[in-house]
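Undergrad: give the three-dimensional model of this entry:
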Amino acid sequence: MKIIDLLDDRSILLDGKAESKKAALDQMINLMEASGRLIDAEVYRKGVYAREEEGTTGIGEGIAIPHCKSEAVREPGLAAMVVPGGVDFDSLDGEPADLFFLIAAPDTEDNVHLDVLSRLSVLLMDSDFTGRLRSAKSVEEFKKVIDEAEKEATENEDVTDVESKKNGTYILAVTGCPTGIAHTYMAAEALEKKAKELGYPIKVETRGSGGAKNVLTQDEIDRADGIIVAADTKVPMERFHGKRVVITKVADGINKPEKLIQEIVDQSAPIYESNGEEVKNATERQEKEGIGHAAYKHLMSGVSHMLPFVIGGGILTAIAFLIDTICGYGSSGGANFGSCTPLSALFKYIGGLSMGLMVPVLAGYIAYSIADRPGLAVGFTGGLLAANGNALLSGFVFKDSIDGMGGFSKFIADFAFVGKDGGNTVSGFLGGIVAGFLAGFIVLGLKKLCEKLPDSLDGIKPTLIYPLVGIFLIGILMCMVFNPLIGLINTGLSNMLSGISDAGMITVLGLILGAMMAIDMGGPINKAAYVFGTGMLATATQMMSQGAQASDPAVQACYIAMASIMVGGMVPPVGIALACKIFKRKFTKAEQGSAVSNIVMGCSFITEGAIPFAASDPLHVIPCTMAGAGVAGFLSALFGCTLMAPHGGVFVFATVGQPILYIVAWLVGSVVTAVMLGLIKKDAKER
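TA: Residues are numbered from 1 along each chain as shown. Below is the predicted model:
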């Protein structure tokens, strides 16, 4: 059976028009019905909709492959449609889809058609093939493109060489999706193609509707350097016990094959420990993960999207301060420090706008992680309200005076606005986190409430209902509850920093923050310290915008905290590199060879350079890096070193207050780590 055997001329449309995802699906289902392949079109339609609810079949690159296996299908079939200009299909890459193949599979044990459909899925990975389909001028030409490509693929088909090991690495993979029709084979093809491109032999087991194909043997598993499991369905995992395994979604197999392969090549994939159970699909794993882990994942989504704004804007702002310092305004600039010259003002303006996006982006992408794209608008709005605080009451001219208001109007005026001296309602960084989680769960709640609305309203849910109701609700909650409440917390935090500085305890804070940077080198504890530091920079900016001087103790405490964090993060790679040179017998030749790269990473504030060493000997390495980083953070705070930039390593040392002493703190901490490693680490055995 060939692909065109499943295509009827009546089920091909080359000039389709659709205003929404639902309209595109309906048009495709009508094409399928016209081909005579269906027993009951409405039952099949519900099946197609249900499959989309499990996850979009818009795989990216303008392609969508909706499908359904159902008793409502008389015989296997395909429908094809080209929509010039495309339509929003919630595709994995966020781009419109313009080339559609709808699959109808009968719910029988006869799965002869699955091999045909898998061939189509593989062909769709070829951009030249899909380009010719899009430009076909007639149904006959469309079918001819498919027929020729299928013949060529069959003639050139070869078996992956799994007997030899190129580049010393041998990779296995398993792919599977809930229906086992399209995504299973597309992920397999993407992994095979990328592995061939990179020069690594690979064998992929596909677990489709027709059962497992190309099944991995125990001998192959024993010889493999690692296994990629890209599946949204159950996979027998006990056979992989003790091997490095990457477990991810089938969509990642299609869209991120190089990243997955690299995890095996770099040996960064975790060792799989079998408990005798099968791996559940991605949705089930997400449902069963702990609340704390899920919250951390959503928070890190916001933080990772926020960091480019913080880093870029923060360094530009730091350069503005540096320019004014060089020009002699360091002590006389006052509240205008950073904008005393046209050049510094330009840097501060650009950097300030970028930094101003920090909280809205944080909140927006926390909400996006929780509720997908409908959460973005609600999250961004909540973040803007957190960053700007409640509107100043004196900025509005009401028809009635405030004193003359009564009832509900007076309530709103008192609680949704802020008086001239009504206290701080800028909830800032903390408020952004709260707004992000609130926005995400508000949108999830709205989705749940709208489930029973008529299908005819599906198009207005994401464009009208979710943003309108969601933005209103987040606005009320932020203005009336969380901005005033968290504003009090931020005021208390500012007072606490002043108190710590006045009491001479800032060194204790520096020690703790420095040590936190070296515990898990880029993990949750490291990120918690770094996020605290960027929050302190935001607090300093806020205090200065309210008239504080850069030299005020509370502002200085913010910058001292950031300096301790960065120096603590720079110690582990450099300390380990020094130990590799001084105490060579403690490290393998491969580890000694990484000394130079570790110095470069340490100088660039990339703590992750220490991870391979910590992973291979955590009980000895981590205490040494913690001690050195803690000492560096303590000394940095003791010397009163300040940092106005959130990142950059040696490249922003010019913006550091007390730069010479800062370097001393960094070097002393690195030496402490190196000496401790030399004293307590065991001699290395070549491995």
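
Undergrad: check contacts around the residue nearest the centre of the chain.
TA: The centroid of the chain falls nearest to Ser301 when counting by C-alpha atoms, centre = their mean (4.7 Å). Going by C-beta atoms under 8 Å, 6 or more residues apart in numbering, Ser301 touches 365-366, 368-369. Where you see a C-beta, it was placed from the backbone N, CA and C, and this is true even at glycine.

Undergrad: and for Leu14?
TA: 81-82, 136-139, 142.

Undergrad: repeat that for Ile171.
TA: Counted by C-beta under 8 Å, 6+ apart, Ile171 has contacts 195, 200-203, 224-228, 261, 264-265.

Undergrad: tabulate those residues in a markdown table, adding columns for secondary structure, pLDDT and distance to Lys69.
TA: Below are the contacts of Ile171 laid out as a markdown table (DSSP: H, G, I helix; E, B strand; the rest coil; pLDDT from 0 to 100; distance: C-beta to C-beta, whole Å):
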| residue | secondary structure | pLDDT | distance to Lys69 |
| --- | --- | --- | --- |
| Ala195 | helix | 87 | 30 |
| Tyr200 | coil | 87 | 34 |
| Pro201 | coil | 88 | 33 |
| Ile202 | strand | 90 | 28 |
| Lys203 | strand | 90 | 27 |
| Ala224 | coil | 88 | 32 |
| Asp225 | coil | 88 | 36 |
| Gly226 | strand | 92 | 32 |
| Ile227 | strand | 94 | 28 |
| Ile228 | strand | 94 | 26 |
| Ile261 | helix | 92 | 31 |
| Ile264 | helix | 90 | 32 |
| Val265 | helix | 88 | 36 |
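
Undergrad: so which of those wins on neighbours?
TA: Each of the contacts of Ile171 was scored for neighbours by other C-beta atoms under 10 Å, and Ile228 scores highest at 28 neighbours.

Undergrad: secondary structure element for the closest residue to that residue other than its chain neighbours?
TA: If the residues on either side of it in the chain are set aside, Ile228 comes closest to Ala173, at 4.1 Å by C-beta to C-beta, 6 or more residues apart in numbering. Assigned by DSSP states H and E, Ala173 falls within strand 171-176.

Undergrad: can you give me the helices in the stretch 501-650 of the chain?
TA: Counting by DSSP state H, counting those that start in this stretch, residue ranges of the helices within the stretch 501-650 of the chain are 506-516, 524-545, 553-582, 589-593, 595-603, 611-616, 618-638.

Undergrad: name the strands paired with the strand holding Ala173 and say parallel or antiparallel.
TA: Take DSSP bridges as the rule and strand 171-176 pairs in its sheet with strand 202-208 (parallel), strand 226-231 (parallel).

Undergrad: take those and write them to a markdown table, including distance to Gly657.
TA: Shown next, in a markdown table, are the strands paired with strand 171-176 (distance: least, C-beta to C-beta, whole Å):
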| stretch | distance to Gly657 |
| --- | --- |
| strand 202-208 | 53 |
| strand 226-231 | 47 |
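
Undergrad: show me the strands in the protein, by range?
TA: For the chain, the strands defined by DSSP state E occupy 7-13, 58-60, 63-64, 67-70, 77-87, 97-106, 171-176, 202-208, 211-213, 226-231, 245-248.

Undergrad: for Cys340, find the nearest of those.
TA: strand 58-60 (49.4 Å; C-beta to C-beta).

Undergrad: other residues contacting the closest one?
TA: 64-65, 89-93, 95, 97, 182-183, 186, 251, 254-255.

Undergrad: what distance separates stretch 375-391 from the middle of the whole chain?
TA: 21 Å (C-alpha atoms, centre = their mean, to the nearest Å).

Undergrad: what about it, average pLDDT?
TA: Across stretch 375-391, the average pLDDT comes to 91.

Undergrad: what are the buried residues along that stretch?
TA: Buried residues in stretch 375-391, counting neighbours by 16 or more other C-beta atoms under 10 Å, are found at 375-390.

Undergrad: and if you look at stretch 44-56?
TA: So for stretch 44-56, counting by 16+ other C-beta under 10 Å, buried means 44-45, 47-49, 51-52, 55-56.
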